[in-house]
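>>> Quick one, fold the following:
(one chain, ligands or ions: 1)
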Amino acid sequence: MKNACVLLAMLAIALAGCSRDAGKQVGQVTVGFSQVGAESEWRTANTASVKSALVAPGFDLKFSDAQQKQENQIKALRSFIAQRVDVIAFSPVVESGWEPVLREAKAAGIPVVLTDRAVKVSDASLYASLIGSDFIEEGRKAGRWLLQDSTGKPGPIRVVELQGTVGSAPAIDRMKGFHEVIDTDPRFKLVRSQSGDFTRAKGKEVMEAFLKAEGGHIDVLFAHNDDMAIGAIQAIEEAGLTPGKDIRIVSIDGVRGAFEAMKAGKLNATIECNPLFGAQLAQLIRDVHAGKPVPKRIVVEEGVFTQDQAAAALPGRKY
Ligand code: AHR
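Take a look at the predicted model:
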């Protein structure tokens, strides 16, 4: 009787193991991926790129959408740890507040790859690698474009800024890079700067408030992403002004919507932020899982586009 009980217990343990790995093929890497949300055209393209690379032979993807909330991401990460995935990848909504959950992943022996956005942690061993853009450089590129566009113009040049999500790496870094450049020229006066949370709706709403507060006396809009710029363009038109002329506009991402706005003369320049790193991410995850040494930081390639290039570039844009 005692032996039968032991056998039954062993069988139960074996079955539990099977059900945990149910559906998983030999050699497959199980990846838990937590995405920021679906706040922008950029994000939609990034999700499609990640899914097309990880919903593929060799991977078992567990995908979770955080709807731009850090608490949802922390829950998702904890659930990936409980499911004992092989690798966790995530694009952190904000920079701070990750140490406890990253420590839990480390204690469980699950490597973490950051995509797109950085985290602020005191211990860099809490993640294996970060793949994504150089947001400070993107901000600098926007600033350099503005300096060049303003050649020969007298000051003051009144600038408003639509920031991304408060506390997020792209909002912090783009602001830093942009100001590093324009603050060297005393003609530029930053008159308003507020978050539009990277969405069209909030970009429009905040731009409406800027226009009201400044009585329309705005020369330049710097938007941390194209979606907010597209929302703001609507607000500018509704206020009876001509976007791209009365108010010069530079934003970041390089999504199709921005190219269409440039073609229509409503947006002056977009700084590319490349979301199509799914294939590179898949290779990085394979390497991390195999215990190979990987670079701590992988920066994706990107350019700058102006109105005169929009019509020719538009058909070739992949996002
Ligand atoms: O983290 C990348 C940024 O997040 C993109 O610029 C923006 O469009 C997105 O929401």
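>>> Which part of the stretch 51-200 of the chain gets nearest to the ligand, residue-wise?
residue 198 (3.8 Å; C-beta to the nearest ligand atom). In this view, the C-beta of every residue, glycine as well, is placed from N, C-alpha and C.
>>> how far away is that residue from residue 291?
36 Å (C-beta to C-beta, to the nearest Å).
>>> do the same with residue 182
The value you get for residue 182 to residue 291, if C-beta to C-beta is used, is 45 Å.
>>> Mind checking which of the two has more residues around it?
residue 182 (25 against 8; other C-beta atoms under 10 Å).
>>> okay but the more buried one is in contact with residue 176, surely?
No - counting by C-beta atoms under 8 Å, residue 182 does not reach residue 176; the two are 11.6 Å apart.
>>> who in the stretch 101-250 of the chain is up against the ligand?
116, 117, 170, 198, 225, 227 (C-beta under 6 Å from any ligand atom).
>>> let's see it at 8 Å
By C-beta under 8 Å from any ligand atom, the residues of the stretch 101-250 of the chain that approach the ligand are 116-117, 132-133, 135, 164-165, 168-170, 198, 224-227.
>>> just the buried members of these?
Burial by neighbour count, judged by 16 or more other C-beta atoms under 10 Å, picks out 116-117, 132-133, 135, 164-165, 168-170, 198, 224-227 from those.
>>> Go through these and say which is closest to residue 73.
residue 117 (10.8 Å; C-beta to C-beta).
>>> Look at that closest one and report its pLDDT.
Residue 117 carries a pLDDT score of 98 in this model.
>>> Of the residues of the stretch 101-250 of the chain next to the ligand, just say which sits nearest to residue 273.
Using C-beta to C-beta, these come closest to residue 273 at residue 133, 4.9 Å.
>>> Hmm, the closest one is touching residue 271, no?
No - Residue 133 is beyond contact range of residue 271, at 9.7 Å (criterion: C-beta under 8 Å).
>>> Between the two, which contacts overlap?
Residues touching both residue 133 and residue 271 by C-beta atoms under 8 Å, 6 or more residues apart in numbering: residue 302.
>>> that older thread, keep only those of the residues of the stretch 101-250 of the chain next to the ligand that are in helices.
Of these, the ones assigned to helices by DSSP state H are 135, 169, 170, 226, 227.
>>> can I get these in CSV with pLDDT?
Formatted as CSV, those follow (pLDDT from 0 to 100):
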residue, pLDDT
135, 98
169, 98
170, 98
226, 98
227, 98
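>>> Kindly indicate which of these lies nearest residue 154.
residue 226 (29.3 Å).
>>> give the contact list for that closest one.
40-42, 251-255, 257-258, 261, 267, 270.
>>> next one: residue 125
residue 106.
>>> Doesn't it lie inside a strand?
No - assessed by DSSP: H, G, I helix; E, B strand; the rest coil, residue 125 does not belong to a strand; its assignment is helix.
>>> what pLDDT does it get?
97.
>>> Any idea how many residues pack against residue 313?
Residue 313: 15 neighbours (other C-beta under 10 Å).
>>> Quick check: mean pLDDT of the one helix or strand it maps to?
Applying DSSP states H and E as the criterion places residue 313 in helix 307-313. Summarised as a single mean, pLDDT over helix 307-313 is 94.
>>> What helices and strands are in contact with it?
helix 256-263 (3 or more C-beta pairs under 8 Å, 6 or more residues apart in numbering; DSSP states H and E).
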